[in-house]
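Novice: Sharing a model prediction with you, sequence too.
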Amino acid sequence: MKTNENKTLRIIIFDDNNNMRESIDLLLSTTDHLRLIAGFDSCKNLLFDIEQTNPDVILMDIDMPSVTGIEGVKVIRAQYPELPILMLTGFEDDDKVFNSLCAGANGYILKNAKMESLIHYIEEVHAGGAPMTPIIARKVLTQFAKLQPEQYQKEEYFLSDREKDVLQLLVKGKSYKMIADGLNISYETVHSHIRKIYQKLHVNSVGEAVSKTISRNILKTFFF
(Lines give C-alpha, C1' and ligand atoms only; values in the text may rest on other atoms or scores of the structure.)
Protein backbone atom coordinates (compact mmCIF):
# COMPACT_ATOMS: atom_id res chain seq x y z
CA MET A 1 0.00 0.00 0.00
CA LYS A 2 1.48 3.29 -1.05
CA THR A 3 0.82 6.34 1.08
CA ASN A 4 -1.06 9.12 -0.65
CA GLU A 5 0.53 12.30 0.66
CA ASN A 6 -2.58 14.33 -0.22
CA LYS A 7 -4.93 12.09 1.72
CA THR A 8 -6.06 12.86 5.23
CA LEU A 9 -5.65 9.65 7.21
CA ARG A 10 -8.57 8.70 9.41
CA ILE A 11 -7.41 7.45 12.81
CA ILE A 12 -9.41 5.82 15.60
CA ILE A 13 -8.16 4.84 19.05
CA PHE A 14 -9.22 2.21 21.56
CA ASP A 15 -7.88 3.19 25.00
CA ASP A 16 -9.63 3.36 28.37
CA ASN A 17 -7.41 6.29 29.41
CA ASN A 18 -9.33 9.46 28.58
CA ASN A 19 -6.25 11.66 28.98
CA MET A 20 -4.37 9.54 26.45
CA ARG A 21 -7.18 9.83 23.92
CA GLU A 22 -7.36 13.59 24.41
CA SER A 23 -3.58 13.99 24.10
CA ILE A 24 -3.51 12.12 20.81
CA ASP A 25 -6.51 14.09 19.55
CA LEU A 26 -4.70 17.34 20.37
CA LEU A 27 -1.48 16.16 18.73
CA LEU A 28 -3.14 15.03 15.50
CA SER A 29 -5.14 18.26 15.31
CA THR A 30 -1.82 20.06 14.70
CA THR A 31 -1.25 18.11 11.47
CA ASP A 32 -2.79 18.62 8.04
CA HIS A 33 -2.93 14.97 7.05
CA LEU A 34 -3.88 13.04 10.20
CA ARG A 35 -7.22 13.25 11.96
CA LEU A 36 -8.55 11.41 14.99
CA ILE A 37 -12.15 10.77 14.02
CA ALA A 38 -13.20 8.71 17.04
CA GLY A 39 -12.00 7.38 20.38
CA PHE A 40 -13.39 4.44 22.31
CA ASP A 41 -12.74 3.36 25.90
CA SER A 42 -13.25 -0.36 25.23
CA CYS A 43 -13.38 -3.02 22.51
CA LYS A 44 -16.87 -4.20 23.42
CA ASN A 45 -18.37 -2.99 20.12
CA LEU A 46 -15.14 -3.23 18.15
CA LEU A 47 -16.40 -4.33 14.73
CA PHE A 48 -19.39 -1.99 14.84
CA ASP A 49 -17.14 0.94 15.76
CA ILE A 50 -14.78 0.16 12.89
CA GLU A 51 -17.61 -0.26 10.41
CA GLN A 52 -19.11 3.09 11.41
CA THR A 53 -15.84 5.04 11.26
CA ASN A 54 -14.01 3.37 8.34
CA PRO A 55 -10.48 4.17 9.66
CA ASP A 56 -7.17 4.06 7.82
CA VAL A 57 -5.20 3.23 10.99
CA ILE A 58 -6.21 1.89 14.40
CA LEU A 59 -4.38 2.78 17.61
CA MET A 60 -4.94 0.03 20.19
CA ASP A 61 -4.08 0.00 23.89
CA ILE A 62 -2.81 -3.41 25.01
CA ASP A 63 -4.44 -3.37 28.46
CA MET A 64 -8.14 -2.60 28.65
CA PRO A 65 -10.92 -4.00 30.85
CA SER A 66 -13.34 -6.67 29.61
CA VAL A 67 -11.73 -7.13 26.18
CA THR A 68 -7.97 -6.62 25.97
CA GLY A 69 -6.21 -5.02 23.04
CA ILE A 70 -4.68 -8.39 22.16
CA GLU A 71 -8.11 -9.97 21.92
CA GLY A 72 -9.25 -6.95 19.95
CA VAL A 73 -6.48 -7.42 17.39
CA LYS A 74 -7.54 -11.04 16.85
CA VAL A 75 -11.12 -9.94 16.19
CA ILE A 76 -10.01 -7.22 13.79
CA ARG A 77 -7.68 -9.54 11.87
CA ALA A 78 -10.48 -12.06 11.27
CA GLN A 79 -12.59 -9.36 9.61
CA TYR A 80 -10.00 -6.86 8.36
CA PRO A 81 -6.75 -8.72 7.56
CA GLU A 82 -4.94 -5.67 6.12
CA LEU A 83 -6.16 -2.82 8.35
CA PRO A 84 -3.05 -1.29 10.01
CA ILE A 85 -3.00 -1.61 13.81
CA LEU A 86 -0.47 0.24 15.96
CA MET A 87 -0.35 -0.92 19.57
CA LEU A 88 0.07 1.53 22.44
CA THR A 89 1.84 0.08 25.45
CA GLY A 90 2.81 1.74 28.69
CA PHE A 91 5.51 -0.76 29.51
CA GLU A 92 7.79 -3.23 27.76
CA ASP A 93 6.18 -6.55 28.62
CA ASP A 94 7.65 -9.45 26.66
CA ASP A 95 4.62 -11.72 26.75
CA LYS A 96 2.05 -9.11 25.85
CA VAL A 97 4.13 -7.65 23.04
CA PHE A 98 4.81 -11.16 21.73
CA ASN A 99 1.12 -12.11 21.87
CA SER A 100 0.05 -8.89 20.17
CA LEU A 101 2.46 -9.48 17.30
CA CYS A 102 1.27 -13.05 16.90
CA ALA A 103 -2.31 -11.81 16.90
CA GLY A 104 -1.49 -9.64 13.89
CA ALA A 105 -0.56 -6.17 15.14
CA ASN A 106 1.62 -4.19 12.74
CA GLY A 107 3.74 -2.18 15.15
CA TYR A 108 4.20 -0.66 18.58
CA ILE A 109 4.95 2.57 20.32
CA LEU A 110 5.53 3.20 24.01
CA LYS A 111 3.08 5.61 25.61
CA ASN A 112 5.97 7.48 27.22
CA ALA A 113 7.66 8.06 23.87
CA LYS A 114 7.68 11.56 22.44
CA MET A 115 4.20 12.21 21.10
CA GLU A 116 5.67 13.72 17.94
CA SER A 117 7.13 10.33 17.06
CA LEU A 118 3.60 8.92 17.00
CA ILE A 119 2.96 10.92 13.83
CA HIS A 120 5.86 9.19 12.10
CA TYR A 121 4.76 5.78 13.38
CA ILE A 122 1.21 6.27 12.09
CA GLU A 123 2.51 7.31 8.68
CA GLU A 124 4.86 4.34 8.55
CA VAL A 125 2.33 1.72 9.60
CA HIS A 126 -0.17 3.08 7.07
CA ALA A 127 2.48 2.82 4.35
CA GLY A 128 2.99 -0.86 5.16
CA GLY A 129 5.82 -0.60 7.65
CA ALA A 130 6.26 -2.30 11.01
CA PRO A 131 7.37 0.39 13.45
CA MET A 132 8.49 -0.59 16.92
CA THR A 133 11.06 0.67 19.36
CA PRO A 134 14.45 -1.11 19.27
CA ILE A 135 14.02 -2.37 22.83
CA ILE A 136 10.64 -3.92 22.09
CA ALA A 137 11.95 -5.42 18.84
CA ARG A 138 14.80 -7.04 20.74
CA LYS A 139 12.54 -8.45 23.43
CA VAL A 140 10.07 -9.81 20.90
CA LEU A 141 12.86 -11.55 19.00
CA THR A 142 14.09 -13.04 22.27
CA GLN A 143 10.64 -14.46 22.88
CA PHE A 144 10.43 -15.86 19.36
CA ALA A 145 13.84 -17.49 19.75
CA LYS A 146 12.51 -19.55 22.68
CA LEU A 147 10.27 -21.49 20.31
CA GLN A 148 11.57 -24.87 19.24
CA PRO A 149 12.07 -25.22 15.48
CA GLU A 150 12.44 -29.02 15.78
CA GLN A 151 8.72 -29.41 16.29
CA TYR A 152 8.06 -28.45 12.68
CA GLN A 153 8.69 -30.48 9.57
CA LYS A 154 11.23 -29.07 7.16
CA GLU A 155 9.54 -26.99 4.50
CA GLU A 156 10.83 -25.19 1.44
CA TYR A 157 9.49 -21.69 0.91
CA PHE A 158 11.43 -20.87 -2.29
CA LEU A 159 12.49 -17.41 -1.16
CA SER A 160 14.82 -15.55 -3.49
CA ASP A 161 18.13 -14.24 -2.17
CA ARG A 162 16.78 -10.69 -2.13
CA GLU A 163 13.63 -11.80 -0.32
CA LYS A 164 15.84 -13.47 2.29
CA ASP A 165 17.78 -10.21 2.68
CA VAL A 166 14.54 -8.30 3.21
CA LEU A 167 13.15 -10.91 5.59
CA GLN A 168 16.35 -10.92 7.65
CA LEU A 169 16.07 -7.17 8.23
CA LEU A 170 12.35 -7.47 8.93
CA VAL A 171 13.10 -10.05 11.61
CA LYS A 172 15.58 -7.62 13.15
CA GLY A 173 12.77 -5.12 13.60
CA LYS A 174 13.79 -2.78 10.79
CA SER A 175 11.16 -0.53 9.24
CA TYR A 176 10.42 -0.57 5.52
CA LYS A 177 12.36 2.69 5.10
CA MET A 178 15.35 1.29 6.98
CA ILE A 179 15.26 -1.87 4.84
CA ALA A 180 15.17 0.24 1.68
CA ASP A 181 18.13 2.31 2.84
CA GLY A 182 20.09 -0.75 4.01
CA LEU A 183 19.65 -2.63 0.75
CA ASN A 184 19.83 0.47 -1.47
CA ILE A 185 16.44 -0.23 -3.05
CA SER A 186 13.25 1.81 -3.25
CA TYR A 187 10.51 1.79 -0.63
CA GLU A 188 8.07 0.42 -3.23
CA THR A 189 10.47 -2.43 -4.02
CA VAL A 190 10.66 -3.35 -0.35
CA HIS A 191 6.88 -3.42 -0.17
CA SER A 192 6.73 -5.64 -3.25
CA HIS A 193 9.25 -8.08 -1.77
CA ILE A 194 7.37 -8.28 1.51
CA ARG A 195 4.08 -9.01 -0.22
CA LYS A 196 5.79 -11.91 -2.01
CA ILE A 197 7.30 -13.07 1.28
CA TYR A 198 3.84 -13.08 2.87
CA GLN A 199 2.51 -15.18 -0.01
CA LYS A 200 5.35 -17.70 0.16
CA LEU A 201 5.21 -18.03 3.96
CA HIS A 202 1.40 -18.09 3.94
CA VAL A 203 1.13 -15.26 6.49
CA ASN A 204 -0.79 -11.99 6.63
CA SER A 205 1.20 -9.75 8.95
CA VAL A 206 4.67 -8.79 10.11
CA GLY A 207 4.10 -10.59 13.40
CA GLU A 208 3.20 -13.84 11.68
CA ALA A 209 6.14 -13.54 9.29
CA VAL A 210 8.64 -12.96 12.10
CA SER A 211 7.13 -15.69 14.25
CA LYS A 212 7.21 -18.26 11.47
CA THR A 213 10.70 -17.29 10.32
CA ILE A 214 12.24 -17.71 13.74
CA SER A 215 10.17 -20.61 15.09
CA ARG A 216 10.83 -22.66 11.95
CA ASN A 217 14.37 -21.33 11.48
CA ILE A 218 13.59 -20.47 7.88
CA LEU A 219 16.76 -18.39 7.52
CA LYS A 220 18.87 -20.97 9.44
CA THR A 221 19.85 -18.42 12.10
CA PHE A 222 18.20 -16.24 14.70
CA PHE A 223 20.46 -13.26 13.92
CA PHE A 224 21.61 -12.70 17.52
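Specialist: Done, it's in. The structure displayed is predicted, hence computed values, not measured ones.

Novice: hmm, which helix or strand of this protein has the shakiest average pLDDT?
Specialist: Of all the helices and strands that make up the chain, the one with the lowest confidence by mean pLDDT, DSSP states H and E is helix 134-145; it has a mean of 65.

Novice: Centre of the chain to the helix or strand encompassing residue 200, how far?
Specialist: Under the assignment given by DSSP states H and E, the secondary-structure element containing residue 200 is helix 187-201. Average the C-alpha atoms of helix 187-201, do the same for its chain, and the two points are 15 Å apart (C-alpha atoms, centre = their mean, to the nearest Å).

Novice: from what I can see residue 68 touches residue 75, true?
Specialist: No: Residue 68 sits out of contact with residue 75 when judged by C-beta atoms under 8 Å, with a separation of 10.7 Å. In this view, the C-beta of every residue, glycine as well, is placed from N, C-alpha and C.

Novice: So which of these two has more stuff around it?
Specialist: Higher neighbour count among residue 68 and residue 75: residue 68, with 19 against 15, using other C-beta atoms under 10 Å.

Novice: show me the residues around the spatially closest residue to the more buried one that is not a sequence neighbour that make contact.
Specialist: The shortest distance from residue 68 to any residue that is not its chain neighbour, by C-beta to C-beta, 6 or more residues apart in numbering, is 6.8 Å, and that residue is residue 62. For residue 62, the set of contacting residues under the criterion of C-beta atoms under 8 Å, 6 or more residues apart in numbering consists of 68-70, 87-90, 93, 96-97, 100.
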